[in-house]
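Asker: I need the structure of the sequence given here:
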Amino acid sequence: MKKIALLVVLLVSFVAFAADTPPQRPQGQRGGFMTVVDTNKDGKISKAELDAWFVKADANKDGVVDQEEFRATMPQMGPRGQGRGPGGPAPQ
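Answerer: Next comes the predicted model:
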């Protein structure tokens, strides 16, 4: 049950992050969470891929991924105020 709740939280976080991402991307180019988690690059995130990402992202192994751990898995986002993350500058 905890895994299901965790997956729901991750997916909601992904949707919230995706809502902040500008829709203009060259055709076929992906970015952000999808690029990191979709390890076989099939355009889909499987439960196995999401579970593998979670194990890597949960650096302190406390069963949750906090904002610092999440950002550490997203090098293109950078720290707050840099990159494309929330609070960062909009792509030009």
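Asker: list the buried ones in the strand or helix carrying Glu49?
Answerer: Element membership of Glu49, judged by DSSP states H and E, is helix 47-57. Neighbour counts using 16 or more other Cβ atoms under 10 Å place 49-50, 53-54, 57 of helix 47-57 among the buried residues. The way it works is simple: take the backbone N, C-alpha and C, and place the C-beta from them, glycine included.
Asker: From the contact counts, what lies against it?
Answerer: Contacts defined by 3 or more Cβ pairs under 8 Å, 6 or more residues apart in numbering; DSSP states H and E place helix 47-57 against helix 2-20, helix 33-37, helix 67-72.
Asker: In TSV: those, plus mean pLDDT.
Answerer: Rendered in TSV, the data for those read as follows (pLDDT from 0 to 100):
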stretch	mean pLDDT
helix 2-20	69
helix 33-37	86
helix 67-72	90
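Asker: okay, those helices, which one's buried deepest?
Answerer: The highest average neighbour count among the helices and strands packed on helix 47-57, using mean count of other Cβ atoms under 10 Å, belongs to helix 33-37 at a mean of 18.
Asker: send the alpha carbons of that helix over as CSV?
Answerer: What follows is helix 33-37 as a C-alpha-only set of coordinates in CSV (Å, rounded to 0.1, in the frame of the first residue of the first chain):
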residue,chain,number,x,y,z
PHE,A,33,11.8,13.5,-15.4
MET,A,34,11.0,11.4,-18.5
THR,A,35,14.6,11.6,-19.7
VAL,A,36,16.0,10.5,-16.4
VAL,A,37,13.5,7.7,-15.6
